[in-house]
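Colleague: This is a predicted model, with the sequence first.
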Amino acid sequence: TVEVPDAAAPSSQQLAAIDEPGVVFVSAGAGTGKTTVLVERFVKAVCERGLDVDSVLVITYTERAAGELRTRIRERLAALDRPDLARDLDRAWISTIHGFCHRLLRSHPFEAGLDPRFRVLDESQARVLRAEAFAASLSEFVADRESERLRLLATYGGDGLQRMLTTVFDRLRSAGRPLQLGWEGESRLAASIAELREIAAETLELTDPALEGRAQVEDALELVGGPEGEVPPEDRLLDLSELRVAGPERERFAGYNEALTAVEHAALEELAARDRALLEQLLQTFDAAYREAKAAESALDFEDLQLIARDLLHHDERVREATRWRFRAVLVDEFQDTNLLQCELIDLVGSDEVFFVGDEFQSIYRFRHADVEVFRRRREASAGVLALTENYRSRPEVLSVVNHLFGA
């Protein structure tokens, strides 16, 4: 049950999360005051324990959230008549994980093997550089006109190869994994086609005959409606965009569109498993070209910040120990939106006091390669999990309805 607390004072749940020492894991629902807990833990560390403001590392998900958290900490310090600490807050390490990595690498450029004048590409600049690097690597890849490489290009197309491999590239880097491909497990293609066949037939039965989108559904059913178990050629299923319903009728055909996408992904997996060695060669050729392009401009992208910081902390014992000694407390907000690489970074920095707070039901940034399984595994490995369930944000009437609907 979600309870409605007295907003005048911290609840017993909040006090437990504020005061608990050591490695602490907090599962906090929306509107339960997790920011208040973060603020109070920071203030307690610097006011009661005497830590310097730059000895507490605070990691949150967005720059906006980091700015709001800094403002609230400053206001709290001012309210406690500590203007000295409020002034010093400008040098505090309160930022996104990328901001932390950027600041760390600026402090140790030579140890990290970087040009001290390196710059960070924004997303649009990185996208342009990557597209140019992929075009150059693809031209190099097929330059000798070897038949298997030309077949690969004919099967997927240049745009298809770029879309597929840059997506895999991003996912592998965000997990801190080597650029090696591997598709394991049983094929999902036959099952995906069977599901599309079923959904298409059901859609035609239940939708208004006057809807224009029915024409695409009929074409899809004709494509996959052969004898049970018959599978069209995989390369015919890689791009089904002409069968997708768009425009104002899109929402009415959402389930059908999702089934089309599932077939495309399964067909891609099927072909990629067959062509794994060739695709891996192209992926690594692209990686080399992209690295060379960035080096020519003394530039890093956002993922480089994390990867190079991870490698620096992992391989340079002196830097790692100095960093761990500097940060006597680490606070991690929105932990449900963390990926494997970011979790590894936090583990390299954190020591005796690390505070994690998040809510798996608010994991909304999968497009940035966040992995809620990281949150779940860390929660399961924790000695104990504290919970914040008392809601300060919603009206009692709303909470009453929610609790009733979920059987609370």
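Modeller: Structure's in. What do you need?
Colleague: Now stretch 269-282: buried residues?
Modeller: By neighbour count with 16 or more other C-beta atoms under 10 Å, stretch 269-282 contains the buried residues 269-272, 275, 278-280, 282. C-beta: built from backbone N, CA, C; applies to glycine.
Colleague: for stretch 12-23, same thing?
Modeller: For stretch 12-23, burial by neighbour count (16+ other C-beta under 10 Å) applies to 13-14, 16-18, 20, 23.
Colleague: can you list contacts of it?
Modeller: Stretch 12-23 is contacted from outside by 10, 24, 26, 28, 32-33, 36-37, 40-41, 44, 350, 352-355, 357, 382-383, 386-390, using C-beta atoms under 8 Å, 6 or more residues apart in numbering.
Colleague: The buried residues of stretch 12-23 in strands, which ones?
Modeller: Among these, DSSP state E puts Val23 in strands.
Colleague: before we move on, back to that, got a quick ChimeraX command for the buried subset of the contacts of stretch 12-23?
Modeller: Of the contacts of stretch 12-23, the buried ones go into a single ChimeraX selection, burial set by 16+ other C-beta under 10 Å:
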select :10,24,26,28,32,33,36,37,40,41,350,353,354,355,357,386,388,390
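Colleague: Tell me which of the contacts of stretch 12-23 fall in helices.
Modeller: When the contacts of stretch 12-23 are checked against helices (DSSP state H), the matches are 36-37, 40-41, 44.
Colleague: among the buried residues of stretch 269-282, which two are most distant?
Modeller: Maximum pairwise distance in these, criterion C-beta to C-beta, is 18.0 Å, between Glu270 and Leu282.
Colleague: and the gap between Gly157 and His314?
Modeller: Taking C-beta to C-beta, to the nearest Å as the criterion, Gly157 is separated from His314 by 39 Å.
Colleague: Repeat that for Asp19.
Modeller: In this view, Asp19 and His314 are 33 Å apart by C-beta to C-beta.
Colleague: need the strands for the stretch 1-150 of the chain, in chain order.
Modeller: Secondary structure of the stretch 1-150 of the chain (DSSP state E, counting those that start in this stretch): strands at 23-28, 56-59, 93-95, 119-120.
Colleague: Would you reformat those strands as TSV and include mean pLDDT and distance to Arg214?
Modeller: Output for the strands of the stretch 1-150 of the chain, formatted as TSV (pLDDT from 0 to 100; distance: least, C-beta to C-beta, whole Å):
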stretch	mean pLDDT	distance to Arg214
strand 23-28	87	46
strand 56-59	96	50
strand 93-95	96	51
strand 119-120	97	49
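Colleague: Could you report the neighbour count for Pro198?
Modeller: Quick fix: residue 198 reads Glu, not Pro. 11 (other C-beta atoms under 10 Å).
Colleague: Among the strands of the stretch 1-150 of the chain, which comes closest to Asp337?
Modeller: Using C-beta to C-beta, the strands of the stretch 1-150 of the chain put strand 56-59 closest to Asp337, at 10.8 Å.
Colleague: packing partners for the closest one?
Modeller: Applying 3 or more C-beta pairs under 8 Å, 6 or more residues apart in numbering; DSSP states H and E, we find strand 56-59 packed against helix 34-47, strand 93-95, helix 97-107, strand 329-332.
Colleague: Indicate which one of these is closest to Arg117.
Modeller: helix 97-107 (10.4 Å).
Colleague: just checking, what packs against that closest one?
Modeller: Under the contact definition 3+ C-beta pairs under 8 Å, 6+ apart, helix 97-107 sits against strand 56-59, strand 93-95, helix 302-315, helix 340-349.
Colleague: Quick check: the gap between Glu195 and Arg188.
Modeller: 10 Å.
Colleague: and Pro209, helix, strand or coil?
Modeller: coil (DSSP: H, G, I helix; E, B strand; the rest coil).
Colleague: That one - how many residues pack around it?
Modeller: Quick note: Pro209 (other C-beta under 10 Å) scores 6 neighbours.
Colleague: who's in contact with it?
Modeller: By C-beta under 8 Å, 6+ apart, the contact list for Pro209 is empty.
Colleague: cool, and the one 10 residues further on?
Modeller: Counting by C-beta under 8 Å, 6+ apart, Asp219 touches 242-243.
Colleague: Ranking the helices and strands packed on strand 56-59 by mean neighbour count, which comes first?
Modeller: Highest mean neighbour count among the helices and strands packed on strand 56-59 (mean count of other C-beta atoms under 10 Å): strand 329-332, with a mean of 23.
Colleague: partners of that one, with directions?
Modeller: According to DSSP bridges, strand 329-332 forms sheet pairs with strand 56-59 (parallel), strand 354-358 (parallel).
Colleague: how far off helix 34-47 does the last one point, in degrees?
Modeller: In this case it means strand 354-358. 170 degrees (axes from the mean of the first three to the mean of the last three C-alpha atoms, to 10 degrees).
Colleague: ok and strand 354-358 relative to strand 23-28, angle-wise?
Modeller: Angle, strand 354-358 to strand 23-28, by the same axes, to 10 degrees: 10 degrees.
Colleague: Which pLDDT value belongs to the closest residue to Ser55 other than its chain neighbours?
Modeller: Spatial nearest neighbour of Ser55, chain neighbours left out: Arg328 (4.8 Å); criterion: C-beta to C-beta, 6 or more residues apart in numbering. Arg328 is assigned 94 on the pLDDT scale.
Colleague: Next, the contact list for Arg328, please.
Modeller: Applying C-beta under 8 Å, 6+ apart to Arg328 gives the contacts 45, 51, 55-56, 351-353.
Colleague: what's the answer for Leu300, then?
Modeller: For Leu300, the contacting residues are 114, 118-121, 294, 308, by C-beta under 8 Å, 6+ apart.
Colleague: what's the answer for Cys101, then?
Modeller: When contacts are counted by C-beta under 8 Å, 6+ apart, Cys101 touches 305-306, 308-309, 345.
Colleague: could you redo those as JSON lines and give each row neighbour count?
Modeller: Shown next, in JSON lines, are the contacts of Cys101 (neighbours: other C-beta atoms under 10 Å):
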{"residue": "Leu305", "neighbour count": "22"}
{"residue": "Gln306", "neighbour count": "24"}
{"residue": "Ile308", "neighbour count": "19"}
{"residue": "Ala309", "neighbour count": "26"}
{"residue": "Leu345", "neighbour count": "24"}
